[in-house]
Structure formats: C-alpha cells, structure tokens
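In: I'll drop the sequence and a predicted model, then ask my questions.
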There are 2 protein chains.
Amino acid sequence: MNLESLNTPAALIDVARMNRNIDRMQRRMNALGVTFRPHVKTTKCEQVVKAQVAAGARGITVSTLKEAEQFFASGTRDIVYAVGMAPAKLPQALALRRQGCDLKIVADSIACAEAIVAFGNEHQERFEVWIEIDVDGHRSGIAPDDNVLLDVGRTLADGGMHLGGVLAHAGSSYDYDTHDALVRVAEQERSGCVRAAERLRSAGLPCETVSIGSTPTALTAEHLEGVTEVRAGVYVMFDLVMHNVGVNDISEIALSVLTTVIGHQREKGWAIVDAGWMAMSRDRGTQNQKHDFGYGIVCRESGEVLDGYVMSAANQEHGIISRSGAPDHEIEQRLPIGTRLRILPNHACATGAQHPAYQAVDADGTVQTWPRFYGW
Amino acid sequence: MNLESLNTPAALIDVARMNRNIDRMQRRMNALGVTFRPHVKTTKCEQVVKAQVAAGARGITVSTLKEAEQFFASGTRDIVYAVGMAPAKLPQALALRRQGCDLKIVADSIACAEAIVAFGNEHQERFEVWIEIDVDGHRSGIAPDDNVLLDVGRTLADGGMHLGGVLAHAGSSYDYDTHDALVRVAEQERSGCVRAAERLRSAGLPCETVSIGSTPTALTAEHLEGVTEVRAGVYVMFDLVMHNVGVNDISEIALSVLTTVIGHQREKGWAIVDAGWMAMSRDRGTQNQKHDFGYGIVCRESGEVLDGYVMSAANQEHGIISRSGAPDHEIEQRLPIGTRLRILPNHACATGAQHPAYQAVDADGTVQTWPRFYGW
C-alpha cells in the first residue's frame, strides 16, 4: 500500500518524524537522569508504543483502564493509571493485577484512599497507590504543603496498601509560550512534587517514585533533582498547540489528516474538502494562542506546507480551506477537485481519537495500517 | 442490565425522549405534506434508525460512504450521500449500486459532473445524481440563479446520468435564535431550492426530487410548497446548541453522558469527574450562543437538572464541574466521591461520535447496548 492508494480522510503518521520525536525525548530524559514513562493516551496504538519502548521507555501511563487492559494484553506489565481512582472501578483494577499486571493507581483524597483500603483488604490485594500532587492549581491533586497529603499517605500505608510514590502533571504549562515561563513551570512541577515526597518521607512514610511531566515541561526543565521518572504524551506526534507553546517546529509534526478537495466557492476563495471536524476533531486549541490556525495548517499531499492556507471552518464531513487575509479567487485552479492535501492538526490526541487507525507512512511512501482503539 | 450497573463514562439515550423527538418531527412532516429522510450521521446506530423508519421515515441521508455501506448491509436501500462526490470515491459508490443499493450522489460543479459522467459511462452505470444548491452561502452548492446550475444539469443529463433532483441544507439556521429569523431562513431554504428545481425544469431538464432541511428549519417552516422531502439529523437527540437556537427544551434532550465524581478542589468549588473531552467531544458550540454551557449541563443520575452547575472545563479524561457564579465550597458534601451524574451535551453528533455504543435507557431503568460505528 502507498500514500496514493489511501482513501480520504485518513490519519497519517510520518514515521521518520515520529521516530525523531521519540529519540529527542528519550535522549533528553537519559541526559537528565530519569526514566521515561510515555502517556499512551495520545495514540492508543500498539506500534507507536512499541517504538517508544524500543527507544528506552520504561512502563507506560494510561488515562483509562481500557488502555491498561489493551496494553497489558499486548505485553506491557508496568502501567500507571494516572486518573483518580473511582471506587466503582476497583474490581476492574483488581482483575488486571490478578492477571499479573503491575498496575499502579492514583488517589488524592481520604475518601478515595479509604475506598481503596477497604476494597483491597476485602479482596486481600495490596494495591500500589501513588498520591496525586497539585503543583499548579490546574486540576486534581493535593497541594505539597497541605496536611491532607500526610493523612492520605497514612490512610494508605496503615491500611496495608503499598504507598508507591507521588505523581504530578503541570497541565498549566500549555498556557505559556516563552522558554523562560516554561522553565519556571517545569521547576515548579519538579520542586512541588519533590517537596511532597520529602514530606511523606519525613513523616516516616515510603515514597519511592517521584513522577512528573507534561510535554512542555519535560522539554524545558533545566534539571530534575529528586525526580525518578517523567511522563509525557503528545511529544510523540507534536501539534500546532505545542508549536504555539514553543516546543516544536511545524516540520516536526508527525500527524496529519489526508483529505480530498470536493468543491469550491470562487467568490469567497474557498476550497471544500472531505475532512471536517469528524476527521480533525472539534479541538480549537490554537483559538486563544498567539497564532490561531483554525482547524489546521494546509499542506500538499507530499507534506510541503501551503503557506498561508488553513482549514478555516469545519462541519461534520466538510472542511473549508481558505487563505489568511485576501480571498484566493484562483483557488479552483490552484487546488482543483480531486487535489489531495494534508492538514496538520491543533491537537494530536484529539485528532487521532477520531480515527480507527493510523496510516503510517515511511520515507519511501509505503504505508502500513496501525490500528488504534477507543472507548472505555 | 440497568443504569446502576453501567461503567462510566457512558453515552446514555433516554429512549422515551428519543421516541417523542422522532414522533414530533414525523408528525410535522406529515402535516406539511413531505416525506422525511433522516440524516443518520447523528447516531450511526441501527436501532435509532430503525425507530425513525418505523415512525414513517422514507430512506436515509448519510455523510460518508461507510454509513451507506453499513446501513445498506442492515437493510436500507434508499440512501442519499449528501456530501459532494470526490471522483476517487466513485468505485465505492459503484460497488454499492451493483449490490442493489439505490444510492444517490451529489454534485455542485461541472468538474464533478464530468467525472461522474466519464466514470459512469466507462462502467455502464447510470448514477442518480442530485445537484447541491447553496441557499445561504454557508458552505457548498450552486446558487439558484447561477447559470452553472444549468450547465451541471446538462452535463449530467446529456452524459446519460439520471438527474434526480436538487438538494439544499440551510446550515446557517444554526446561527439564529429567534422564531422569526428561523422562519425566514426556512423560507429562504425552501424558495431557493424550489427556484433551482424550476429553472432546471424550464430548461427541459428533469428534477423530480426537491430535498431540503436542517433541524431548525424543518421545525419552523410555515409551508413547504414545491418541496418533496426534508432531511434532518440532530432532532432525534437534540442538544444544548439546538436549545439555544430555540427548537427544543432542555427536558427534550435524549442524549447524556453518565459520569462519576473522582475528586474535588474545595477552595475552587470544583468536583472532578471521569468524563473529559474524550467523552463529551471538544465541541464548544454554545460558546458564542446566548447561553454558554461550557461542556454541558449537569444532572443527577436520575436525569434531574442540577440547577446552575455545568462542566466548566475538560481535559482528556477529566471534567471539572462547577457552579456558575460564586464557587460552591460545599461541593464535596453535595457531590461526594462516587456520585454519578449525567451531562447534557452541546452537540449530540459530536458527543455520540466519541462512544463505541449508546446505552439505551428505558423508562423502567433497564438498559440495552446499541452499538454505533465510526471511521470512513
């Protein structure tokens, strides 16, 4: 199979770019002296994760127990489920551990810790639990200096569970776009999580793992003293949001959506394509960033950027391609019906999720289909 | 299976509400003297379409050839593929017709019409083609008074294809929120499409079908003289965008996402739930409407609306629930960990697409799983 034979729309992975992205992150983690645990929520794809592990990744991070089940079935044992544990999901986590999966779960409240202890003791299972730390106020977790941290730690340890470590994610790093600001957020993520670990240890509690990470902070942190591992997901593909944040060039984006021109509105300077928001996702992550790229940047089928053209609007299965600034009244001649284009997405995690499979394009233009899964 | 036994997140259909929505639309179409052809892109679900057909729908509308293939396989013959035909997809359309599917395809340019004629003649297939009419400038189609209309009609008819009719979709109706404005857009959709049909007929060309429709215009049109059929999709579920447009009450929304509280941030008045944008979609369609509902309106598991609470932010597998206005510092007591909630979505087409199946909840609380498909 080759690029020319693919139906549209299709989610393409530029395999050479993906491998460069994987190498770049792994080399950085090696240099910083930490292990690397990729977040597989970005691709949910066995072939991608295999490449991450081959490059040196140690274990994976998941956002759903379905991801844990699927990747355990395909041979990964060391898995962190990095979303606060809902008590009703404990039987699913137990089943995974009973099958031999080294699954770690996460808690950030006494209520959650108590539920884990009660269920674990009822079923004679010593769950490994990491405590989620809030380093930037963006979502979940316990602030490093909050006394609830020690209460949760004691609840777990005294209750017979394995208190394995602390975990933080500086999701607020997505809101910045200068190197200096990212360096500051990265240091805040590192120091906050290390401080939480030290408080637990000072209280006589175990805390072996100190796990942090987001793509922007992983790529800008100046040192990672006290940290044992880093997690990141979107770096494997990169996207336009990360480009605006400042951590990748457009030429490093490994994911694109292949589409075909199906019509025009000459007066308006529009070409209409067969990729709408169903193929791109509804993610408008660049809307409030320094460059708003609409639903994505337009490239030739070869991957060459078509300067100044974006997908400016999208319906379910229609995308509107237009030039920024003055309308291109010659767009019908420039991009006739049947022309194939690639669209670089705002957000690789969201765009990938719309597709049952990636089409992995090698440097010689040959294509392999890499399935991905979805759902819960 | 019942509601209490479902894992979260899950996409719920309130079957009684769905059936009322179907009946409302079908009764209206019967009263207006037109046939009704539902757009199945909203649900891509056999059981939903079966209910639409049982209520009186005649044929279906699809947005992808995969939808045509799947619904033809489950027994529907009369199908309109309502997206401009990409020449490279003609073999797929041919295969469907050769299997006995009464597939209609759409063109809005001479280039497209010529490609259909060339391919049809090469394969001795007399494709039925409808010409897409642009009634409101929102996307594709030929303006009713544009002379290209007759050129496309002649290209198809002289080339031996079956010129079956004209088709329009007043997508701009989504931008209005008063009854009077919707009545005007509906009349513009009707009169523009009828005018195009009359011009074709005056030129000696056939034009049996005059097909229009969008949920807002279908529900507000005062008469449909000259129209033979109406298409609409989202009416079967309704959503918050349509509520803001003014065509449904919140109590008529049949789709919701079931989710579980997994944490809190007391100071901020947040409850964190296990449905993020992966379960809701990234659709923020109410953002620029008269009421911005964030990622959705929060209800109790029973479906009762929790006044003033919305999903105000979302990450991939985390949603943040908060009260509009002053933070609810008692949210931890009000919605403790493990509480199950339903979120009413902005856009039923986008939210449904994130889920491999619907969980169809009957009035007595019993649940059936209704699969849906995705991809191209």
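Out: That came through, no problem.

In: when you work out contacts or count neighbours from here on, use the C-alpha atoms and nothing else.
Out: OK.

In: just give me the neighbour total for A:Gln52.
Out: 26 (other Cα atoms under 10 Å in any protein chain shown).

In: can you tell me, leaving aside adjacent residues, what's nearest to the closest residue to chain B within the stretch 51-200 of chain A?
Out: Going by Cα to the nearest Cα, chain B is nearest to A:Ala86 of the stretch 51-200 of chain A, at 5.3 Å. Using Cα to Cα, 6 or more residues apart in numbering or on different chains and skipping residues adjacent in sequence, the residue nearest A:Ala86 is B:Ile262, 5.3 Å away.

In: can you tell me which residues contact that neighbour?
Out: Contacts for B:Ile262 (Cα atoms under 8 Å, 6 or more residues apart in numbering or on different chains) come out as A:Gly84, A:Met85, A:Ala86, A:Cys112, B:Ala271, B:Ile272, B:Val273, B:Asp274, B:Ile337, B:Gly338.

In: apply 10 Å and report the result again.
Out: Counting by Cα atoms under 10 Å, 6 or more residues apart in numbering or on different chains, B:Ile262 makes contact with A:83-87, A:107-109, A:111-112, A:140, B:271-275, B:318-319, B:335-340.

In: among the residues you listed, name the buried ones.
Out: Neighbour counting with 16 or more other Cα atoms under 10 Å in any protein chain shown marks A:83-87, A:107-109, A:111-112, A:140, B:271-275, B:318-319, B:335-338, B:340 as buried within these.

In: and the longest helix along chain A, what other elements does it pack with?
Out: Taking DSSP state H as the criterion, chain A has its longest helix at helix A:179-202. Secondary structure elements in contact with helix A:179-202, counted by 3 or more Cα pairs under 10 Å, 6 or more residues apart in numbering or on different chains; DSSP states H and E, are strand A:128-133, helix A:148-158, strand A:162-168, strand A:209-212, helix A:215-218.

In: now intersect the buried ones among the contacts of B:Ile262 with the helices, please.
Out: Checking those against DSSP H, those in helices are A:Ala111, A:Cys112.

In: skipping its backbone neighbours, what lies nearest A:Tyr176 in space?
Out: Going by Cα to Cα, 6+ apart, A:Tyr176 has A:Val245 as its nearest residue, at 5.9 Å.

In: ok, back up a step: ok, now how distant is the residue nearest to A:Ala86 from A:Ile131?
Out: 13 Å (Cα to Cα, to the nearest Å).

In: anything in contact with each of the two?
Out: With Cα under 10 Å, 6+ apart, B:Ile262 and A:Ile131 have common neighbours A:Gly84, A:Ala107, A:Asp108, A:Ser109.

In: ok, back up a step: nearest to A:His355, of the helices and strands packed on helix A:179-202?
Out: helix A:215-218 (22.7 Å; Cα to Cα).

In: list the strands paired with the helix or strand following that closest one, with their directions.
Out: Beyond helix A:215-218 on the C-terminal side, the first helix or strand identified by DSSP states H and E is strand A:229-232. As defined by DSSP bridges, the strand partners of strand A:229-232 come to strand A:35-38 (parallel), strand A:209-212 (parallel).

In: hmm, the residue nearest to A:Tyr176 is touching A:Leu219, no?
Out: No. With contact defined as Cα atoms under 10 Å, A:Val245 does not count as touching A:Leu219 (11.3 Å).

In: tally of neighbours for A:Gly88?
Out: Check again: residue A:88 is Ala, not Gly. Neighbours of A:Ala88 using other Cα under 10 Å come to 16.

In: now do the residue lying closest to it once chain neighbours are set aside against B:Glu4, distance only.
Out: Spatial nearest neighbour of A:Ala88, chain neighbours left out: B:Gly338 (7.2 Å); criterion: Cα to Cα, 6+ apart. In this view, B:Gly338 and B:Glu4 are 12 Å apart by Cα to Cα.

In: ok, A:Glu122 next?
Out: 22 Å.

In: up against chain B, what does the stretch 201-350 of chain A have?
Out: Residues of the stretch 201-350 of chain A found near chain B (Cα under 10 Å from any Cα of the partner chain) are A:260-265, A:268, A:270-274, A:277-279, A:281-285, A:313-320, A:336-339, A:349-350.

In: please read the previous query as pertaining to the stretch 1-150 of chain A.
Out: Within reach of chain B by Cα under 10 Å from any Cα, the stretch 1-150 of chain A has these residues: A:5-10, A:41-42, A:63-64, A:82-89, A:107-109, A:111-112, A:115, A:134, A:137, A:139-142.
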